[in-house]
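> Prediction below, plus the sequence it came from.
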Amino acid sequence: MTEANESVASLAPTAQQVLHYIGTSLSQNSDAVSVAVAEGEDNKVKLILTVDKGDMGRVIGRHGKIAGAIRAVVRAAAAKDGVDAQVEIAEVE
């Protein structure tokens, strides 16, 4: 891992833990849940929540209401870390 990747991965540790906890709590297949960190646009931290294909509906919710709530909570946790975060939800390939 390069020094730049390590510095990105160390950003928003609270937000990463919160996102992982929420993802595992909502998923039936909690072993498939992972959180990756990348540099986002406009100096934001991009957190990518990966879940099993069968759990996508549980995590996104009807009309994206659960996904919106997840994003709001993770943004608040990221603010505690002093960064701005955006959340992307993906399925395991």
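Good, I have the coordinates.
> Going by C-alpha atoms from here, please, whenever you check contacts or count neighbours.
OK.
> Report the beta-bridge partner residues of Val87.
Applying DSSP bridges to Val87 gives these bridge partners: Leu47.
> Find me the pLDDT at it, would you?
Note for Val87: predicted pLDDT of 95.
> try Glu3
pLDDT for Glu3: 48.
> repeat for Val8
Confidence score, pLDDT, at Val8: 63.
> all strands for this structure, in order.
Ranges of strands within the chain are 34-39, 45-51, 85-91, based on DSSP state E.
> Mind giving me the packing neighbours of the first one?
The helices and strands touching strand 34-39, judged by 3 or more CA pairs under 8 Å, 6 or more residues apart in numbering; DSSP states H and E, are helix 3-9, helix 13-26, strand 45-51.
> show me what contacts Tyr21?
Residues near Tyr21 by CA atoms under 8 Å, 6 or more residues apart in numbering: none.
> again but with Ala76, I slipped
Residues near Ala76 by CA under 8 Å, 6+ apart: Ala15.
> mind checking how far it is from Lys44?
Remark: distance between Ala76 and Lys44 (CA to CA, to the nearest Å) = 13 Å.
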